[in-house]
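Student: Quick one, what's the 3D model for this:
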Amino acid sequence: MKERGSRTIFLADCQSFYTSVEKTDNPAYQHKSLVVAGDPALRSGVILATCPLAKKHGISTAERLGEAVKNVLTLSLYACACSIISMSH
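Tutor: Got it, this is the predicted structure:
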């Protein structure tokens, strides 16, 4: 087998990354069950990220937003910051 050049592959798995960024940008969200999903006014779409507090309430990533709202009455919905959207592309 031919030897290839040396390279390093680095992977950083950031727990609840998008919700962590949102909570850092908006300190008012620090102690709230926060999810990053579609438009909260429409209550449609899929949850892209959940914070640990939301996970304790049984909300999971890839869950439909409408179902999460029905099942967790204390869930507060906020519009996702554009900075998060631009980081993902």
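
Student: Stretch 58-74: which residues count as buried?
Tutor: Ile59, Thr61, Glu63, Leu65, Ala68, Val69 (16 or more other CB atoms under 10 Å). For the C-beta atoms, the positions are set from N, CA and C on the backbone; glycine is no exception.

Student: Could I get the full set of helices for this protein?
Tutor: 17-25, 52-56, 65-71, 82-87 (DSSP state H).

Student: any chance of those in CSV, with distance to Gly38 too?
Tutor: Formatted as CSV, the helices of the chain follow (distance: least, CB to CB, whole Å):
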stretch, distance to Gly38
helix 17-25, 13
helix 52-56, 15
helix 65-71, 6
helix 82-87, 12
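
Student: Out of these, the one nearest Ala41 is which?
Tutor: helix 65-71 (11.1 Å; CB to CB).

Student: most tightly surrounded among the helices of the chain?
Tutor: Greatest average neighbour count among the helices of the chain goes to helix 17-25 (a mean of 18), per mean count of other CB atoms under 10 Å.

Student: coming back round to it: quick one: which two of the buried residues of stretch 58-74 are the most distant?
Tutor: Largest separation among these by CB to CB: Thr61 and Val69, giving 15.5 Å.

Student: For this structure, which residues score under the pLDDT cut-off?
Tutor: Scanning the chain for pLDDT under 70 picks out the ranges 1-3, 39-40, 42-44, 73, 76-89.

Student: In contact with the most centrally placed residue in it, which residues?
Tutor: Centrality entry for the chain: nearest residue to the mean C-alpha point is Ala49, 2.1 Å, by CA atoms, centre = their mean. By CB atoms under 8 Å, 6 or more residues apart in numbering, Ala49 lies in contact with Ser16, Phe17, Tyr18, Thr19, Val35, Val36, Thr61.
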